[in-house]
Every structure is written in structure tokens, then in C-alpha cells.
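A.B. asks: let me see the structure of the following:
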Amino acid sequence: MNPVTNPYSPGAGTPPTELAGRDDLRETVRIAIARLRLGRPAKSQLLIGLRGVGKTVLLEQMRLDAEKEGVHTVRIETPENRSLPALLAPQLRLALLRLSRIKTAQHVAHKALRALAGFATSLKMKFGDIEVGLDFEPEPGLADNGDLEGDLTTLLAAVGVAAQHADTALVMFIDELQYVSENELAALITALHRCAQDRLPVAMMGAGLPQLRGKAGNAKSYAERLFDYPEIGPLEHDDAVKAILEPAREEGVAFEVEAVEAIVKETQGYPYFLQEWGKHTWDVARQSPITVDDVITAHQLTIAALDESFFRVRFDRLTPAEKRYIRAMAELGAGPHRSGDIAALLQREVTSLAPLRSKLIEKGMIYSPNHGDTAFTVPLFDEFMRRTMRLENL
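C.D. replies: Below is the predicted model:
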């Protein structure tokens with residue numbers, strides 16, 4: 001097959017040709033944003049899922065859907081080493097400048113820009129990474145108290161009034177929310193809560209690893225009522241089949257049934273793995289229809305590609321002690337596993353490993369689905385660890 005026309009696109013947030021199995025959630029978000037725009041109650045959404053389930057791709061598609069409807073959006077990915085105010089400030093500035101070009105919203109958008117100037121100036125000492133162009137002088141007393149929770153609430157309310165006057169909504173699409181510190185997340189939740197109480201058209205569609213649900217609840221007790229938490233998991237069988245077949249069909253290429261079933265079995269329906277297996281199977285196939293032998297031939301190439309990219313980039317961030325902990329987990333299987341079982345394999349006390357476990361959760365490598373349980377946030381990572389690190393190295 002021609003690699004130039006290969007329709008599969010494994011990558012970090014790279015949109016696939018066929019976004020299968022997510023239509024219901026896209027429609028839920030579309031309705032929520034439409035209600036928000038009319039001043040009616042609508043919950044923000046926090047997409048929860050493991051690595052490789054397509055949260056980033058889905059979040060971006062939802063943002064594009066909203067933009068097509070005339071909604072103003074903000075797109076942010078939160079790394080581990082940046083503050084939320086530093087990420088929000090420049091994006092809100094761009095949104096407000098767009099809103100200020102709408103005649104009915106110009107005056108209130110300018111006021112919101114003055115609030116942003118006060119916000120950035122007053123919090124610069126606390127969050128030294130805030131860098132944002134200031135188009136207006138701060139207005140004394142407007143979002144300039146130096147208290148993140150209060151100032152962010154005032155700022156988002158001002159943004160909401162501007163969006164309201166422009167007959168639109170402002171929706172923040174924020175990825176990797178689990179990396180936001182708890183106090184910053186609490187401030188954001190408080191601000192969104194105030195906007196919801198005042199029926200202002202401001203909302204957030206976020207995404208993060210499974211620990212985000214608990215983190216939001218710890219930040220503010222009412223977070224469970226402010227957000228819906230849809231679980232984004234592997235695709236159902238028929239959707240996984242569609243994700244493989246439709247892109248090929250558009251290129252005039254077919255798959256044998258056994259070939260598709262083999263890919264679905266290998267990938268367990270995880271969207272990223274479907275794209276990786278599809279890509280390498282396409283590249284080794286000589287002609288249509290693509291056969292199960294092609295899938296078998298592509299197997300080692302696919303595993304090698306995953307090991308050197310998807311898995312390795314996460315493995316290389318770990319300290320030697322963290323690698324040993326993860327390798328012990330892998331020896332027990334896919335999980336989840338009891339913390340005591342992991343400690344027993346390492347011949348350590350559970351309490352002595354607690355700081356190490358907490359650090360791995362903070363890095364987004366593992367999470368706790370239930371009290372005392374530990375599971376990987378990366379599907380199939382146990383298999384990678386068994387391939388990569390010998391058990392006797394523990």
C-alpha cells in the first residue's frame with residue numbers, strides 16, 4: 001500500500017480520519033453550550049480517561065464544533081510547570097479582543113480587559129510566570145486584590161458579561177487538568193460556580209486522568225454538582241471496527257474480517273493503539289484487501305514504535321525507584337493491584353512506599369481507582385515494562 005496515502009494518524013492529539021464512537025458525547029456538549037448561550041442552566045464537563053483513549057482529540061473536536069456555532073473558545077493544555085493564571089491570562093485576552101470588535105459588546109469587553117490588566121498585575125508577584133500584553137490600564141478595585149479565587153471570579157464574570165452582550169458564550173477547553181494545583185483548581189471552580197449562579201455564558205470543558213475527579217471534589221465539595229464527569233474509555237467493538245474500516249474505505253482499500261478482528265483484539269479498542277496498528281499494517285500490506293497475515297507481519301513494527309514513543313517518553317521521566325515500583329506493578333499484571341501486594345513484591349512496608357506512590361500519581365503514571373488500589377494510567381504499560389526491565393533488577 002502507498003504510505004503517502006496512509007489514512008491512519010497515531011500522534012499526540014492528532015485527529016483520526018474517523019472519530020468513531022463519540023457522537024453522543026459531542027451532542028451532549030453541543031446542547032449544553034447552546035443552553036448556556038440562551039442563559040439556561042448547563043453543566044460544564046470534565047472528560048475522564050486513561051492515556052490513549054482520545055480525550056485530547058475529542059476535546060479539540062468539541063471546540064471546533066462550538067466555534068462553528070459562533071461560540072468563542074479558549075484552548076489550553078496545562079503542563080506540570082506552569083500556573084493556571086499564566087495559561088489563562090493570554091487566552092482570555094485574545095477572546096476579549098475578539099469580543100471587543102462586536103459593537104454591542106465593545107464597552108463591557110473593554111471593562112473586562114481592564115479587569116484582566118488588574119488580575120495580571122496584582123498576581124504577578126504570586127505567579128511570576130504570568131506574561132500577557134495589557135491593552136488597557138487596570139481599573140482600581142477590579143480583579144486586583146491579589147487573591148486568586150476572588151480576582152478570577154471577578155474576571156470570569158466580566159468576561160461572561162461581555163459574551164452575553166455579544167450574544168455568544170465563552171467556553172474554556174482545558175486539557176490535562178490533573179496537573180493544575182488544587183488551590184488553583186479551587187479558584188477556577190469557584191469562578192465557574194459564580195458564573196453559573198449569575199446565568200453568565202461561561203463554561204469549561206476539561207479533560208484529565210482518573211484522579212481529576214477526586215482532585216476536583218477535594219478542591220470544592222460542590223464540584224460534583226457543577227460538573228458532569230463522562231468516562232472516556234476504549235471503543236466498543238463495532239466502533240473500533242469502524243475506526244479501522246472507514247479511513248481505508250475512503251482510500252478504496254478493504255480489510256479481511258479476520259484482519260480487523262485481529263487489530264481490535266491487539267488494541268483492546270483503545271483509539272491511539274488502533275491508529276498505530278492501522279498505520280503499520282497499511283505500510284506492510286502489498287494490496288487490498290489487507291489480510292490477517294499483514295497484521296501479524298506488522299505486529300513487531302507496531303510494538304517497537306509504541307515502545308520508542310508512546311511508552312518510552314513516560315518511562316524516561318521516572319526515577320530508578322519509581323521504575324522499580326512500576327515494574328513490580330507490571331509483574332502483577334494489568335491491575336488494579338493492592339498497595340500491599342506491590343510492597344510485598346518489593347519487600348518493603350506499605351507506609352515506606354507511600355511517598356513514592358504519591359509522586360507517581362502526581363506524575364500521572366498511576367491512579368487509585370479505589371482506596372488501597374493502584375492502577376496504570378497508560379493502557380498496556382504492564383506489557384511494556386515486562387519487555388523493558390528485567391524482574392531481577394528490582
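
A.B. asks: what residue ranges in the stretch 151-300 of the chain score low on pLDDT?
C.D. replies: For the stretch 151-300 of the chain, no stretch is flagged by pLDDT under 70.

A.B. asks: and the strands in it, which stretches?
C.D. replies: 170-175, 202-208, 227-228 (DSSP state E, counting those that start in this stretch).

A.B. asks: which one, of the ones you listed, ends up nearest to Ala321?
C.D. replies: Of all those, strand 202-208 sits nearest to Ala321, with 25.4 Å by C-beta to C-beta. Where you see a C-beta, it was placed from the backbone N, CA and C, and this is true even at glycine.

A.B. asks: thinking again about what came up before, now the strands of the stretch 151-300 of the chain in CSV, with distance to Leu58?
C.D. replies: Output for the strands of the stretch 151-300 of the chain, formatted as CSV (distance: least, C-beta to C-beta, whole Å):
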stretch, distance to Leu58
strand 170-175, 10
strand 202-208, 8
strand 227-228, 14
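
A.B. asks: can you redo these as JSON lines with distance to Ala321 and mean neighbour count?
C.D. replies: As requested, these are exported to JSON lines (distance: least, C-beta to C-beta, whole Å; neighbours: other C-beta atoms under 10 Å):
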{"stretch": "strand 170-175", "distance to Ala321": "29", "mean neighbour count": "24"}
{"stretch": "strand 202-208", "distance to Ala321": "25", "mean neighbour count": "25"}
{"stretch": "strand 227-228", "distance to Ala321": "35", "mean neighbour count": "19"}
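
A.B. asks: which one of these lies nearest to Ala120?
C.D. replies: Here strand 170-175 is closest among those (C-beta to C-beta), at 17.0 Å.

A.B. asks: name the residues that touch that closest one?
C.D. replies: 33, 36, 55-56, 59-60, 62-63, 66, 71-78, 88, 91, 95, 99, 159-160, 162-163, 201-208 (C-beta atoms under 8 Å, 6 or more residues apart in numbering).

A.B. asks: that strand vs strand 202-208, what angle?
C.D. replies: Here strand 170-175 runs at an angle of 10 degrees relative to strand 202-208 (axes from the mean of the first three to the mean of the last three C-alpha atoms, to 10 degrees).

A.B. asks: may I have the strands that pair with strand 170-175, each with its orientation?
C.D. replies: strand 72-77 (parallel), strand 202-208 (parallel) (DSSP bridges).

A.B. asks: out of the ones you listed, nearest to Leu274?
C.D. replies: Proximity to Leu274 (C-beta to C-beta) singles out strand 202-208 among these, at 19.0 Å.

A.B. asks: okay, that closest one in PDB with CA atoms only?
C.D. replies: Taking C-alpha atoms only, strand 202-208 is exported to PDB below (Å, rounded to 0.1, in the frame of the first residue of the first chain):
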ATOM      1  CA  VAL A 202     -19.100  30.900  30.700                       C
ATOM      2  CA  ALA A 203     -18.300  27.300  30.900                       C
ATOM      3  CA  MET A 204     -15.400  24.800  30.900                       C
ATOM      4  CA  MET A 205     -15.000  21.600  29.000                       C
ATOM      5  CA  GLY A 206     -11.900  19.900  30.600                       C
ATOM      6  CA  ALA A 207     -10.100  16.600  30.300                       C
ATOM      7  CA  GLY A 208      -7.800  14.700  32.600                       C
END
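
A.B. asks: chain center to it: distance?
C.D. replies: Counting by C-alpha atoms, centre = their mean, to the nearest Å, strand 202-208 is centred 10 Å from the centre of its parent chain.

A.B. asks: give me the neighbour count for Lys363.
C.D. replies: As a burial measure, Lys363 scores 16 neighbours (other C-beta atoms under 10 Å).

A.B. asks: once you drop chain neighbours, what's closest to it?
C.D. replies: Closest residue to Lys363 apart from its sequence neighbours, by C-beta to C-beta, 6 or more residues apart in numbering: Arg317 at 6.4 Å.

A.B. asks: doesn't Glu362 make contact with that neighbour?
C.D. replies: No: the criterion here is C-beta atoms under 8 Å, and Arg317 misses it with Glu362 at 11.4 Å.

A.B. asks: show me where the stretch 251-394 of the chain has helices.
C.D. replies: Per DSSP state H, counting those that start in this stretch, the stretch 251-394 of the chain carries helices over the ranges 257-267, 271-284, 292-306, 312-315, 320-331, 339-346, 350-362, 381-388.

A.B. asks: distance to Ile189 for the strands paired with strand 170-175 - can I get that in CSV?
C.D. replies: Output for the strands paired with strand 170-175, formatted as CSV (distance: least, C-beta to C-beta, whole Å):
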stretch, distance to Ile189
strand 72-77, 16
strand 202-208, 9
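
A.B. asks: closest to Arg386 out of those?
C.D. replies: Taking C-beta to C-beta, strand 202-208 is the member of the strands paired with strand 170-175 nearest to Arg386, at 27.5 Å.

A.B. asks: dump the residue contacts of Phe127.
C.D. replies: 83, 85-86 are the contacts of Phe127 under C-beta under 8 Å, 6+ apart.

A.B. asks: what's stretch 318-334 in contact with?
C.D. replies: Stretch 318-334 is contacted by residues 315, 335, 337, 341-342, 345-346, 353, 356-357, 359-360, 363, 365-366, 374, 376, 380-386, 389, 391, 393-394 when judged by C-beta under 8 Å, 6+ apart.

A.B. asks: narrow the residues you listed to just the buried residues.
C.D. replies: Buried residues within these, counting neighbours by 16 or more other C-beta atoms under 10 Å: 315, 335, 337, 341-342, 345-346, 353, 356-357, 359-360, 363, 365-366, 374, 376, 380-385, 389.
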